[in-house]
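1. Output the structure for:
(chains A and B)
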Amino acid sequence: MSDLPNELKYTKTHEWARNEGDGTLTVGITDHAQELLGDLVFVDLPQIGATVTAGGDCAVVESVKAASDIYSPVSGEIIAVNEALSDSPEIINESAFGEGWIFKVRMSDASEFDALLDSNGYAAVMAEDDH
Amino acid sequence: MTRQTSLNTTHREMGARMVPFGGWDMPLHYGSQIEEHHAVRRDAGMFDVSHMSVVDLMGRGARDYLRHLLANDVDKLRSLGRALYSCMLKENAGVIDDLIVYRLGDAFYRLVVNAATTEKDLAWLRQQSSGFELEILHRADLDMIAIQGPNARTKTLPLLPADCAAAAGLAPFNAVLGKDWVVARTGYTGEDGFEVMLPKEKTVAFWHALHDAGVQPCGLGSRDTLRLEAGMNLYGSDMDEQTSPLEAGLGWTLAWEPADRDFIGRSALEAQKARGELQSFVGLLLEGKGVLRNHQKLFQGDREIGEITSGGFSPTLQLSIALARIAPDVEGAIQVEMRGKFLPVRRVKPNFVRHGQSLIES
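-> Alright, predicted model coming up:
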């Protein structure tokens, strides 16, 4: 099982979110998620400026195995996307928690971030997956 | 209960992600499906295909039996060691299974059939055998490893037993029979290589020797993208008991001559041909972003015209490709429905890559 960074928060749908401390979050998918998906071959990034809602789908990753929606962990506005993924989606396989980030979002309600899972909570989600 | 091949522990030691497949616990990949795919196109990869079943047919009646049983004609196997791809049909011309038949002796043929269909196939083989003098032997004592890629034969040859040395001179679709190994120049990837049938107790050592010789272990994931690029059908996806070979791109495997060979399914096939209106089996390319997947629907404007039978990402072409079945009269532009959107796809011949080279005209 992969190591889960403690400074990140997580969703049941396998996204991670890092609080940048300025009202914005950086979002990606977890190492566990990329492992389940296998080699990624396409990433459909959200539009910069788009409004997203917590739990709403806003991007798509496609792997050799399946297409998978990416859900925004919080409500807000997309302020940046990781353009490098358009040409090299495999960056997510190589560095899901780092270089493989997908988008940045400006939160409209900071309490939504607090309600996300911590690493222990997400570890429990992964353990359930294995059953 | 999930079954395991002799290599189950070895796969896990080599870091395989294991998945259930056709009742077996099999490796999907050992890290990267795409790297395994490229290894086969550019160098050499190996697949544990021991989940597939080897069935020996021995006896004076074997030839006549197979000429009745199979839609292709084993009389094409003029010399010992030759191999032939064939469908095994029901009376209504639905496909029970596709298989390779090898002629290994004057009264000795060997079939290699799919894993998930093995029980059904054996029941059918036995049911059809009455009146023929032959013995049907399921060789559960044998494993099978496929070594594929431009360097596969060179890397494999020094590791074969001495009684299979003649493998060095094998022509494509031919096999050499040793004392207890069979080495065939066949495969399911569109590359050169061998399929080796060997006694179970030899398999782990042979696998390790191949690995030491620089052959990349490959899982079912790359096996699927390789065969899809090569335009080879997958039983259960591209054809099944509800599909005629004439609507699955398999017309070339039907031996109509001699006209008096009365194989199972022949009269149904003839009726289908006479009736016409057969669906077309085509290749598709998605030139934009996204991945074509099995069962996605195809449209021409508002009219639904067919369905993808096998879709996926082509690591060689770096875009998505598919095999599909469409209505007989379709000309012109085709769209695929993908996640609520309708995207244009390009219709091509259903083979995309052979021997490492793209077959697609730009």
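2. which one is the residue nearest the centre of chain A nearest to, not counting chain neighbours?
-> Taking CA atoms, centre = their mean, the centroid of chain A lies closest to A:G28, which sits 2.6 Å from it. Distances taken as CB to CB, 6 or more residues apart in numbering or on different chains place A:W101 nearest to A:G28, at 4.4 Å, with adjacent residues excluded. (Glycine included, C-beta is placed from N, CA and C.)
3. circling back: where's the residue nearest to the centre of chain A, which helix or strand?
-> Assigned by DSSP states H and E, A:G28 belongs to strand A:24-29.
4. can you check B:L66 too?
-> Here B:L66, judged by DSSP H and E, is contained in helix B:62-69.
5. Just the CA atoms of the helix or strand that that helix is followed by, as PDB, please.
-> Downstream of helix B:62-69, the next assigned helix or strand under DSSP H and E is strand B:83-89. Written as PDB, here are the backbone C-alpha positions of strand B:83-89 (Å, rounded to 0.1, in the frame of the first residue of the first chain):
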ATOM      1  CA  ALA B  83      -0.700 -24.900 -37.700                       C
ATOM      2  CA  LEU B  84      -4.100 -23.500 -38.700                       C
ATOM      3  CA  TYR B  85      -6.500 -20.900 -37.200                       C
ATOM      4  CA  SER B  86     -10.100 -21.900 -37.200                       C
ATOM      5  CA  CYS B  87     -13.500 -21.300 -35.700                       C
ATOM      6  CA  MET B  88     -15.600 -24.000 -34.200                       C
ATOM      7  CA  LEU B  89     -19.200 -23.400 -35.000                       C
END
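6. helices or strands next to the helix or strand that strand B:83-89 is followed by in the packing?
-> For strand B:83-89, the following helix or strand on the C-terminal side (DSSP H and E) is strand B:95-105. Applying 3 or more CB pairs under 8 Å, 6 or more residues apart in numbering or on different chains; DSSP states H and E, one finds that strand B:95-105 makes contact with strand B:83-89, strand B:108-113, helix B:118-127, strand B:175-177, strand B:182-184.
7. circling back to that earlier point, so the residue nearest to the centre of chain A bridges to which residues?
-> Per DSSP bridges, the residues bridged to A:G28 are A:W16.
8. buried residues in the longest helix anywhere in chain A?
-> When chain A is parsed with DSSP state H, its longest helix is helix A:119-129. Within helix A:119-129, the residues scored as buried using 16 or more other CB atoms under 10 Å in any protein chain shown are A:119, A:122, A:125-126.
9. With stretch B:27-34 instead?
-> Residues of stretch B:27-34 classed as buried: B:27-30, B:32-34 (neighbour count, 16+ other CB under 10 Å).
10. repeat for stretch B:206-225
-> Residues B:206-207, B:210, B:213, B:215-225 are the ones in stretch B:206-225 that count as buried (16+ other CB under 10 Å).
11. Narrow the residues you listed to those in helices?
-> Per DSSP H, helices hold the following members of these: B:206-207, B:210, B:220-225.
12. what sits against the residue lying closest to A:P89 once chain neighbours are set aside?
-> Closest residue to A:P89 apart from its sequence neighbours, by CB to CB, 6+ apart: A:L40 at 4.1 Å. By CB atoms under 8 Å, 6 or more residues apart in numbering or on different chains, A:L40 lies in contact with A:34, A:61-63, A:89-90, A:92-93.
13. Is there proximity between the helix or strand harbouring B:L228 and chain A?
-> Using DSSP H and E, B:L228 sits in helix B:220-229. Yes - judged by CB under 8 Å from any CB of the partner chain, helix B:220-229 comes into contact with chain A at B:221, B:225.
14. what's the next secondary structure element after that helix?
-> Sequence-wise, the next helix or strand downstream of helix B:220-229 (DSSP H and E) is helix B:266-275.
15. From the rest of the structure, what touches that next one?
-> Contacts for helix B:266-275 (CB under 8 Å, 6+ apart): B:71, B:89, B:91-93, B:244-246, B:254, B:278.
16. Just the closest of the residues you listed to chain A, please.
-> Taking CB to the nearest CB as the measure, chain A lies nearest B:P245 of the contacts of helix B:266-275, at 28.4 Å.
17. how deep is the closest residue to the closest one other than its chain neighbours tucked in, by neighbour count?
-> Once flanking residues are discounted, B:P245 sits nearest to B:C87: 5.0 Å by CB to CB, 6+ apart. Residues lying near B:C87 (other CB atoms under 10 Å in any protein chain shown) number 26.
18. Report the contact partners of B:C87.
-> Residues counted as contacts of B:C87 (CB under 8 Å, 6+ apart) are B:70-72, B:95-99, B:239, B:245, B:250, B:253-254.
19. so who does the residue positioned nearest the centre of chain B touch?
-> Nearest residue to the geometric centre of chain B (CA atoms, centre = their mean): B:Y188, 5.2 Å. Listed by CB under 8 Å, 6+ apart, the contact set of B:Y188 reads B:146, B:148, B:223, B:226-227, B:230, B:232.
20. what do you get for B:A166?
-> Per CB under 8 Å, 6+ apart, neighbours of B:A166: B:V176.
21. for it, phi and psi?
-> Per-residue torsions, B:A166: phi -60, psi -10 (degrees, to the nearest 10).
22. Could you measure from it over to B:G81?
-> Note on B:A166: its distance to B:G81, by CB to CB, to the nearest Å, is 9 Å.
23. Mind listing the shared neighbours of the two?
-> With CB under 8 Å, 6+ apart as the test, B:A166 and B:G81 both reach B:V176.
24. Next to chain B in this structure, residues from chain A, please.
-> Within chain A, the positions adjacent to chain B are A:35, A:38-39, A:41-42, A:44, A:60, A:62, A:64-67, A:90, A:93 by CB under 8 Å from any CB.
25. would you list the residues you listed in a markdown table and tack on neighbour count?
-> Output for those, formatted as a markdown table (neighbours: other CB atoms under 10 Å in any protein chain shown):
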| residue | neighbour count |
| --- | --- |
| A:E35 | 13 |
| A:G38 | 21 |
| A:D39 | 25 |
| A:V41 | 25 |
| A:F42 | 19 |
| A:D44 | 18 |
| A:V60 | 17 |
| A:E62 | 23 |
| A:V64 | 23 |
| A:K65 | 22 |
| A:A66 | 12 |
| A:A67 | 16 |
| A:E90 | 17 |
| A:N93 | 20 |
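26. Can you flag which of these belong to strands?
-> Those of the residues of chain A next to chain B mapping onto strands are A:41-42, A:44, A:60, A:62, A:67, per DSSP state E.
27. Tell me the one of these nearest B:Q318?
-> In terms of CB to CB, no member of these lies closer to B:Q318 than A:V41, at 8.6 Å.
28. Thought A:A66 was touching that closest one, still the case?
-> No - between A:V41 and A:A66 there is no contact under CB atoms under 8 Å: 10.8 Å.
29. Find the closest residue to chain A in the stretch 151-300 of chain B.
-> For the stretch 151-300 of chain B, CB to the nearest CB, closest residue to chain A: B:V291, 4.6 Å.
30. hey, where'd the helices end up in chain A?
-> Under DSSP H, chain A gives helices at A:31-37, A:84-87, A:90-94, A:111-114, A:119-129.
31. Can you check which of those helices gets nearest to B:I264?
-> Evaluated over the helices of chain A, closeness to B:I264 peaks at helix A:31-37, with 42.8 Å, by CB to CB.
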